[in-house]
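Enquirer: need coordinates for the following:
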Amino acid sequence: MSGELRPVDARVRALESILVEKGLVDPAALDEIVETYQHRVGPRNGAHVVARAWTDPAYAARLADDATAAVAELGYGGRGGEHLAAVFNSATEHHLVVCTLCSCYPWPVLGLPPVWYKSPAYRSRAVLDPRGVLADFGTELGDDVAIRVHDSTSELRYLVVPQRPAGTDGWSADDLAAIVSRDAMVGTRLVSA
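Expert: Numbers count the residues shown, from 1 in each chain. Alright, predicted model coming up:
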């Protein structure tokens, strides 16, 4: 069984073979797309930004002041990341990002948007009932924590810098980045050690 492909993988491979055979897709172009989304854009980039902010107060200040420039310092940028703002969760304030019109999303630091982010249910409920949305993700916040909802647009996209979890003092930036999820950088989940 270890040599067999899962049904979805078999379908993807068959579709790719047909498209290449018919000359509709260049295999090198497909490889480049896969390489881009595996190694150049995606949540690991955002996690690296967050870990740097947690370990370098001067970087965190630059990120708060001009997120686009601070993210570019780490080599991330491009389409969907031209105008970024970073918002920082704290013990008294939690940030949640939504695009109420479509699915504006900071691709260079978070990769492809998840299906739920684009759904009409999330887009409307995040504004009308943010605590309910957070509860759907298993995130419970005290009544003393204010929730700020940010509407991402094509002109301005947001990155949530979650609170650094207790018990992570002395951790390396790589270890910290490993615990930061895409959902935490959208604000739907917390980060735990």
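Enquirer: which residues sit against the least confident helix or strand in the chain by mean pLDDT?
Expert: For the chain, the helix or strand with the lowest mean confidence is helix 27-35, at a mean of 80 (criterion: mean pLDDT, DSSP states H and E). The contact list for helix 27-35, computed with C-beta atoms under 8 Å, 6 or more residues apart in numbering, reads 16, 20. In short, each C-beta sits where N, CA and C put it, glycine included.
Enquirer: skip ahead from it and say which helix or strand is next.
Expert: Beyond helix 27-35 on the C-terminal side, the first helix or strand identified by DSSP states H and E is helix 43-55.
Enquirer: that older thread, how far is the least confident helix or strand of the chain from where the chain is centred?
Expert: Distance, stretch centre to chain centre, for helix 27-35: 22 Å (C-alpha atoms, centre = their mean, to the nearest Å).
Enquirer: any idea how many residues pack against the nearest residue to residue 96 once chain neighbours are set aside?
Expert: Spatial nearest neighbour of residue 96, excluding adjacent residues (C-beta to C-beta, 6 or more residues apart in numbering): residue 187 at 3.8 Å. By other C-beta atoms under 10 Å, the residues close to residue 187 number 29.
Enquirer: low pLDDT regions in the chain?
Expert: 1-3, 37-40 (pLDDT under 70).
Enquirer: need the contact list for residue 95.
Expert: Residue 95 makes contacts with 87, 88, 89, 147, 148, 149, 150, 158, 160, 187, as judged by C-beta under 8 Å, 6+ apart.
Enquirer: mind listing which of the residues you listed are in strands?
Expert: By the criterion of DSSP state E, membership of the contacts of residue 95 in strands covers 87, 88, 147, 148, 149, 150, 158, 160.
Enquirer: re the thing from before, hmm, the residue nearest to residue 96 is touching residue 86, no?
Expert: No. With contact taken as C-beta atoms under 8 Å, residue 187 and residue 86 are classed as non-touching, separated by 11.9 Å.
Enquirer: so what sits against both of those two?
Expert: residue 160.
Enquirer: the nearest residue to residue 118 once chain neighbours are set aside: what's it in contact with?
Expert: Using C-beta to C-beta, 6+ apart and skipping residues adjacent in sequence, the residue nearest residue 118 is residue 103, 4.1 Å away. Applying C-beta under 8 Å, 6+ apart, one finds that residue 103 lies in contact with 113, 117, 118.
Enquirer: measure residue 103 to residue 153 for me?
Expert: Look at residue 103 and residue 153: by C-beta to C-beta, to the nearest Å, they are 11 Å apart.
Enquirer: same thing with residue 168?
Expert: If you measure residue 168 against residue 153 using C-beta to C-beta, the figure is 33 Å.
Enquirer: and residue 56, by the same measure?
Expert: In this structure, residue 56 and residue 153 are 29 Å apart, going by C-beta to C-beta.
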